[in-house]
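J.: Got a predicted structure here, sequence first:
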Amino acid sequence: MATEAVKQAVRDIVIRAIGVKRYYGQGDTVTKALDGVTLDVYRGEYMSIMGPSGSGKSTLFNMMGGIDAPTEGMVFIDEIDVAQLDSYELAWMRCHKIGYIFQSYNILPVLTAMENVMLPMVFAGLTPDDARDKAAGILTKVGLGNRIFHRPYEMSGGQQQRVAVARALANDPAIILADEPTANLDVDTGREMIELLVELKRTDGITVISATHDMKMLDVSDRILWIRDGRIDRLEERKNLNIRVGGIDGRKL
Amino acid sequence: MTNTAYNTERRMDELDRIPDQTVIPWSVAFSVSWGSLRRRFFRSLITMAGVILAIAFLTYMLVTDDVTNALILVNQDQLNILLQKADVDIIAATGTDKRMMLLIGLSLFTCLVGIINSMLMSVTERIREIGTMKCLGALSTFILKIYFIESALQGVIGTLIGLLVGFVVGFGISVHSFHGYVWQYLPVVEILKSLGISAVIGALISVVAAIAPAQWASAKEPVDAMRVEQ
C-alpha cells in the first residue's frame, strides 16, 4: 500500500529537473546559462516562467522540452531520463510527449493548416487517412473548422497560432510547451489563445508550461516561476499573488 | 530518487516499442519538397538555370559533333565546301578535341558549384523550418529525404530543359549550315547516344550537388527553431 502511494506521488510529477546546469563555452569565457535548477512540474498544472532575457529562461525551457541537454544534472520528462535517449528515441519523445508552441507560430508555409497538423501524426506512424480525420477533428476543436485547407499566408496571426496549438495537440501530448505564445498577438486574440490553453488544461488534463511576460497568462497560471541569473529566484502559487488584470475604456484586457 | 528510477525503467520499456519511422510515405516528403520548390519559384529557377545552361552547352557540342562527323565521312565535294564554310577542320575533326573537353568539364563544374551554393542558401533560410519539423518528431533521415528530393527535382527538370534547348539549337544550326544533307545522312544512333550521355551527366551533377546541402540540413538541431531572432 505504501509503495502504491509513493508511485501515485511520483506519477503526478510530469517533469523533474534535478540540479540542472548548462554551461556554454569553456575555461575563463564560460557562460552559466543555468546554474543548478531543481524543479518539479506536476501533471495537469499550468506553470508560467518569468525572467528577463539572458536569465536562462529559454535554456530551462529547452531542457524541459528535451531539445537541449544539461551539462550537469538530470531531466526526467514523463519519468524518462532524457540523457539516456539516443537521437531516435528523442525524436519519438518530442513527437509523442510534448507539443511545442512558438512565439512566431512556425507554421510550415508550404503546407495547408490540415497538412501542418497531420505532419506530427505521420511522424508517429499514422496512415495519411487516419491522420486526416484526426487533424480535421482537432482543427475543429480549436475553432478552425472552416479554415482547414487554408495556407498560412491566408490566415491571421491568431489563426496561425491556433493551427500551431492544433499541431501541438496532434499526438495527444502530456505537456504543452509554449514560448511566449501571445507575444505576437493583439490583446483580444491573445486572450482567446490563453482561454484555449486553459480549456485544454481543464478538459484534457494537459500540463501547460509557458514562458511569458503577459499578465493575463500569469493570472490563469497555477504556479509562477521566476528565473534570474540561471537560478530559481521565486516560485509562487497563483493564489498567494495579487495579480489584477484591468481594462481600458470598458474593454477587458 | 529510487522511486523515480523504478518508474524510469518502466517507461524505458515503452521506448522499445517505438514504431519505425521509415514507414513515412515518400509522398509526404515529396509534397513538402514540391511545395518548397513552388514557393521559392525564382530561386529554384536560378538554380535550374545553372543546370539548363551546362547541359544545353554539353548537348549542343555533342550533337553538332555527331552531325559534322557523319557528314565528313560522306566525303562529297559539295558537302566538303559547306563544311569548310562552317569552319569545320575536316582532317582534325574526327578525334576528340581536348580543349573542348576541358571547356565542357569546366562549365559542368561551375554548374555543380552553383547548385550547391544555391541549396546551401536555401538551407540557411529554412533553419527554423527544419528545427520546427524536428521538434514535431522528424528524424534526420526525413529532412535528408526532403532536401534530396528537392535538389533532385531541380536537377531533373533542369536537365530535361537543357537537353531540349541544346538539341534544338545544335540541330537547328546544323540544318542551317548543311541544308538537306543533315537529313540525308542523319546519325540517329550517335545523336541518341549523345542525348543519353548528357542526361546521365545531368542526373549525376544533380545528385552529387544534393548530397552536401541535404546532409547539412539534416544535422540542424531543433534548438534552432526556438530562437526568435533571424
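T.: Here it is on my side, so go on.
J.: Tell me how far residue B:107 lies from residue B:52.
T.: Residue B:107 is 12 Å from residue B:52, where distance means C-beta to C-beta, to the nearest Å. Yep, even glycine has a C-beta here, placed from its N, CA and C like the rest.
J.: Please identify which of the two sits among more neighbours.
T.: Higher neighbour count among residue B:107 and residue B:52: residue B:52, with 23 against 18, using other C-beta atoms under 10 Å in any protein chain shown.
J.: Helix or strand: which one has that one?
T.: helix B:41-74 (DSSP states H and E).
J.: Enumerate the positions of that helix that are buried.
T.: Buried residues in helix B:41-74, counted by 16 or more other C-beta atoms under 10 Å in any protein chain shown: B:43-44, B:47-68, B:70-72.
J.: what bits of the chain have low per-residue confidence?
T.: In the absence of a named chain, this looks at chain A. Scanning chain A for pLDDT under 70 picks out A:1-11, A:253.
J.: sorry, should have said chain B
T.: For chain B (pLDDT under 70), the answer is B:1-24, B:91-96, B:225-230.
J.: need the contact list for the residue in it that chain A sits nearest to.
T.: Among residues of chain B, the one nearest chain A by C-beta to the nearest C-beta turns out to be residue B:137. It sits 2.4 Å away. For residue B:137, the contact set (C-beta atoms under 8 Å, 6 or more residues apart in numbering or on different chains) comprises A:91-92, A:94-96, A:120, A:123-124, A:171.
J.: neighbours around residue 81, how many?
T.: Looking at chain A here, since you left the chain open. Residues lying near residue A:81 (other C-beta under 10 Å) number 17.
J.: let's do chain B instead
T.: 10.
J.: and if you look at residue B:126?
T.: Number of residues near residue B:126 (other C-beta under 10 Å) recorded here: 22.
J.: Counting neighbours, which bits of stretch B:98-109 end up buried?
T.: Along stretch B:98-109, these residues count as buried under the neighbour rule (16+ other C-beta under 10 Å): B:104, B:107-108.
J.: Same question for stretch A:175-190.
T.: A:175-182, A:184-185, A:189-190.
J.: Those: which two are farthest apart?
T.: The distance between the two most remote of those (C-beta to C-beta) is 23.6 Å, for A:175 and A:189.
J.: What residue in the stretch 101-250 of chain A comes nearest to chain B?
T.: Closest contact between the stretch 101-250 of chain A and chain B, by C-beta to the nearest C-beta, is at residue A:110 (3.1 Å).
J.: May I ask you to confirm that that residue belongs to a helix?
T.: No: using DSSP: H, G, I helix; E, B strand; the rest coil, the secondary structure at residue A:110 is coil, not a helix.
J.: what sits against it?
T.: Counting by C-beta under 8 Å, 6+ apart, residue A:110 has contacts B:32, B:35-36, B:38-39.
J.: next SSE after the longest helix seen in chain B?
T.: Longest helix in chain B, counting residues (DSSP state H): helix B:140-178. Going down the chain from helix B:140-178, the next helix or strand is helix B:181-184, by DSSP H and E.
J.: can you list contacts of that following helix?
T.: B:67, B:71, B:74, B:79, B:82, B:171, B:174-175.
J.: Check those against residue A:22 and report the nearest one.
T.: Nearest to residue A:22 out of the contacts of helix B:181-184 is residue B:171 (C-beta to C-beta; 65.2 Å).
J.: ok now do that closest one, which residues does it touch?
T.: Residues in contact with residue B:171, defined by C-beta under 8 Å, 6+ apart, are B:63, B:67, B:182, B:191.
J.: repeat that for 10 Å
T.: By C-beta atoms under 10 Å, 6 or more residues apart in numbering or on different chains, the contact list for residue B:171 reads B:59-60, B:63-64, B:66-67, B:182, B:186, B:191.
J.: what do you get for residue B:197?
T.: Per C-beta under 10 Å, 6+ apart, neighbours of residue B:197: B:58-59, B:62.
J.: now the strands: where do they sit in the stretch 1-150 of chain A?
T.: A:13-24, A:31-42, A:46-50, A:72-77, A:80-81, A:98-101 (DSSP state E, counting those that start in this stretch).
J.: Tell me which of those sits most buried.
T.: With neighbours taken as mean count of other C-beta atoms under 10 Å in any protein chain shown, those reach their highest mean count in strand A:98-101, at a mean of 26.
J.: For that strand, output the C-alpha coordinates as CSV.
T.: Provided in CSV are the C-alpha atoms of strand A:98-101 (Å, rounded to 0.1, in the frame of the first residue of the first chain):
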residue,chain,number,x,y,z
ILE,A,98,5.5,17.2,-26.0
GLY,A,99,3.6,19.8,-28.0
TYR,A,100,5.5,22.9,-28.9
ILE,A,101,4.0,26.3,-29.5
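J.: and the residue in the stretch 1-150 of chain A positioned nearest to chain B, what does it touch?
T.: Closest to chain B within the stretch 1-150 of chain A is residue A:95: 2.4 Å, counting by C-beta to the nearest C-beta. Neighbouring residues of residue A:95 by C-beta under 10 Å, 6+ apart: A:120-121, A:123-125, A:170-171, A:173, B:18, B:21, B:134-139.
J.: Spatially nearest residue to it (excluding sequence neighbours)?
T.: Nearest residue to residue A:95, sequence neighbours excluded (C-beta to C-beta, 6 or more residues apart in numbering or on different chains): residue B:137, at 2.4 Å.
J.: ok, now which ones touch residue B:52?
T.: Here residue B:52 is in contact with B:45, B:111, B:157-166, B:202 (C-beta under 10 Å, 6+ apart).
J.: what do you get for residue B:199?
T.: Residues in contact with residue B:199, defined by C-beta under 10 Å, 6+ apart, are B:55, B:59, B:156, B:159-160, B:162-163.
J.: Please convert those residues to CSV, extending it with distance to chain A.
T.: Formatted as CSV, those follow (distance: C-beta to the nearest C-beta, whole Å):
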residue, distance to chain A
B:55, 27
B:59, 33
B:156, 19
B:159, 24
B:160, 23
B:162, 26
B:163, 29
